[in-house]
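Trainee: show me the folded form of this:
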Amino acid sequence: MEIIDCVIIFATNIVIKHSMNKQNVNEMNGVTLQDYYTNLSKEEKGKLLNYIAYHLGIGYSTLIAKFSGRLHFSKVEAIVINQIINEETWKK
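Mentor: As a prediction, the model looks like this:
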């Protein structure tokens with residue numbers, strides 16, 4: 001594991017601890033993660049899923065099941081994914 005990965009994990013843990021006290025886990029300004037995902041184009045869905053799978057280590061098919069509502073996001077997953085979506089880091 002590279003130093004940058006450790007720094008990112010450390011920073012993410014700080015953000016998560018701070019955010020868990022302030023956010024409704026599955027909401028993003030009144031829109032759920034599932035609603036956000038549903039409104040993306042097919043190309044955007046693939047790009048978002050690939051980004052999350054690579055950076056968070058969640059399986060691609062597991063992500064599809066979670067975004068479809070068949071499985072549920074953990075609190076930590078929901079917070080980190082909300083952050084990824086809000087900052088639009090997956091689009092870069």
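
Trainee: hey, where'd the helices end up in this protein?
Mentor: Along the chain, the stretches classed as helices by DSSP state H are 3-20, 33-38, 42-56, 60-68, 75-87.

Trainee: want to throw those helices into CSV with mean pLDDT?
Mentor: Below are the helices of the chain laid out as CSV (pLDDT from 0 to 100):
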stretch, mean pLDDT
helix 3-20, 59
helix 33-38, 92
helix 42-56, 95
helix 60-68, 93
helix 75-87, 89
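
Trainee: ranking those helices by burial, who's on top?
Mentor: helix 75-87 (a mean of 18; mean count of other C-beta atoms under 10 Å). Where you see a C-beta, it was placed from the backbone N, CA and C, and this is true even at glycine.

Trainee: and that helix with helix 60-68, angle?
Mentor: 80 degrees (axes from the mean of the first three to the mean of the last three C-alpha atoms, to 10 degrees).

Trainee: same for helix 75-87, what does it pack against?
Mentor: helix 3-20, strand 27-28, helix 33-38, helix 42-56 (3 or more C-beta pairs under 8 Å, 6 or more residues apart in numbering; DSSP states H and E).

Trainee: okay, the angle between it and helix 42-56?
Mentor: Using the same axes, to 10 degrees: helix 75-87 against helix 42-56 is 130 degrees.

Trainee: what residues does Lys91 make contact with?
Mentor: By C-beta atoms under 8 Å, 6 or more residues apart in numbering, the residues touching Lys91 are Lys47.

Trainee: export stretch 55-75 as PDB, just CAs?
Mentor: Extracted as PDB, the C-alpha positions of stretch 55-75 are listed here (Å, rounded to 0.1, in the frame of the first residue of the first chain):
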ATOM      1  CA  HIS A  55     -11.500   3.000  -4.800                       C
ATOM      2  CA  LEU A  56     -13.700   1.300  -2.200                       C
ATOM      3  CA  GLY A  57     -13.100  -2.300  -3.000                       C
ATOM      4  CA  ILE A  58     -16.800  -3.200  -3.300                       C
ATOM      5  CA  GLY A  59     -17.700  -5.800  -5.900                       C
ATOM      6  CA  TYR A  60     -19.300  -4.500  -9.100                       C
ATOM      7  CA  SER A  61     -22.300  -6.800  -8.900                       C
ATOM      8  CA  THR A  62     -22.700  -6.000  -5.200                       C
ATOM      9  CA  LEU A  63     -22.800  -2.300  -6.100                       C
ATOM     10  CA  ILE A  64     -25.500  -2.900  -8.700                       C
ATOM     11  CA  ALA A  65     -27.600  -4.800  -6.100                       C
ATOM     12  CA  LYS A  66     -27.100  -1.900  -3.600                       C
ATOM     13  CA  PHE A  67     -28.000   0.800  -6.000                       C
ATOM     14  CA  SER A  68     -31.100  -1.200  -7.200                       C
ATOM     15  CA  GLY A  69     -32.300  -1.500  -3.600                       C
ATOM     16  CA  ARG A  70     -31.900  -5.300  -3.300                       C
ATOM     17  CA  LEU A  71     -29.100  -4.800  -0.800                       C
ATOM     18  CA  HIS A  72     -28.500  -1.900   1.600                       C
ATOM     19  CA  PHE A  73     -25.500   0.300   1.900                       C
ATOM     20  CA  SER A  74     -23.700   0.300   5.300                       C
ATOM     21  CA  LYS A  75     -23.500   3.700   7.000                       C
END
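
Trainee: right, I'll leave it there.
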